[in-house]
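*Asks:* structure for the following, please:
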Amino acid sequence: MVGFSDIEQGDPTRAASNFSKAIQLYEKLGQTSDSESRVLYDERIEQCRAYLAFAQQSDPSITVNNKVLLDMGSAGETDDFLKSKIQKLLDESRERQAQELETVEWQGKSIPTRNEQIRVRILRARDSEYELNRASTNEDKLRLFSEIFGAYDDASDLVRTELRDLSANAVRSAKVSAAISNLENLRDFLQFTKLNHVVARDTLITVQLVENLPSPTQDASS
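*Replies:* The predicted structure follows:
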């Protein structure tokens, strides 16, 4: 299909046009086909709709919506090729958003986030938090908790490296002292946020274990 090559070549406008035409064609074919062929056409239509939505999100004239991309990536009609393209677009979107994430708000403080790599990790964690709130199975939730922990751990490592480098300065100017204080606040924010998720993860595991315990009637019968 021409639309797939348009996606590969980075032409979302042409891809959107071709996928729209393909949807119209499959809809017409489905109307005049037997039930078995209609099922196949319906599958093609759903696949084309997924690619059409991706092409629309890829349009450089619009602001990418990470939540829309995350929902697309978890949809059943999303194949591996499209998932890889969605992930690439997500990574590019996070890098752009990281340039705008100048501060994080925590405990009444506005904490500067000057390191772009730290910003990217925070955004990655937030995207996983969004997915976590929509996850329906414990397996998916535990996987997303791991992704969240990894993102906050990476961000914390970067903060520790910056703190170590700044603390090594022989001369502690007011500017350096302020930077250290900001990084310490950022470190505390990352640790606090991760700890909240650790508690939520442990609660999920505990509930799961309790639910799997045999009931008193089962024990008595055995």
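
*Asks:* most centrally placed residue in the chain?
*Replies:* residue 127 (3.6 Å; Cα atoms, centre = their mean).

*Asks:* low-confidence ranges in this protein?
*Replies:* Residues of the chain meeting the criterion pLDDT under 70: 1, 76-77, 170, 215-222.

*Asks:* what residues of the helix ranked longest in the chain count as buried?
*Replies:* Counting residues, the longest helix in the chain under DSSP state H turns out to be helix 174-212. Across helix 174-212, burial judged by 16 or more other Cβ atoms under 10 Å covers 179-180, 182-183, 185-187, 189-190, 193-194, 197, 201. Every residue, glycine included, has its C-beta placed from N, CA and C.

*Asks:* so which of the residues you listed is the closest to residue 150?
*Replies:* Checking those against residue 150 by Cβ to Cβ gives residue 194 as the nearest, at 10.0 Å.

*Asks:* contacting residues around the spatially closest residue to that closest one that is not a sequence neighbour?
*Replies:* Excluding its sequence neighbours, the residue lying closest to residue 194 (Cβ to Cβ, 6 or more residues apart in numbering) is residue 152, at 4.1 Å. Neighbouring residues of residue 152 by Cβ atoms under 8 Å, 6 or more residues apart in numbering: 121, 125, 190-191, 193-194, 197.

*Asks:* likewise residue 160?
*Replies:* residue 187.

*Asks:* okay, and it sits in which element?
*Replies:* helix 138-167 (DSSP states H and E).
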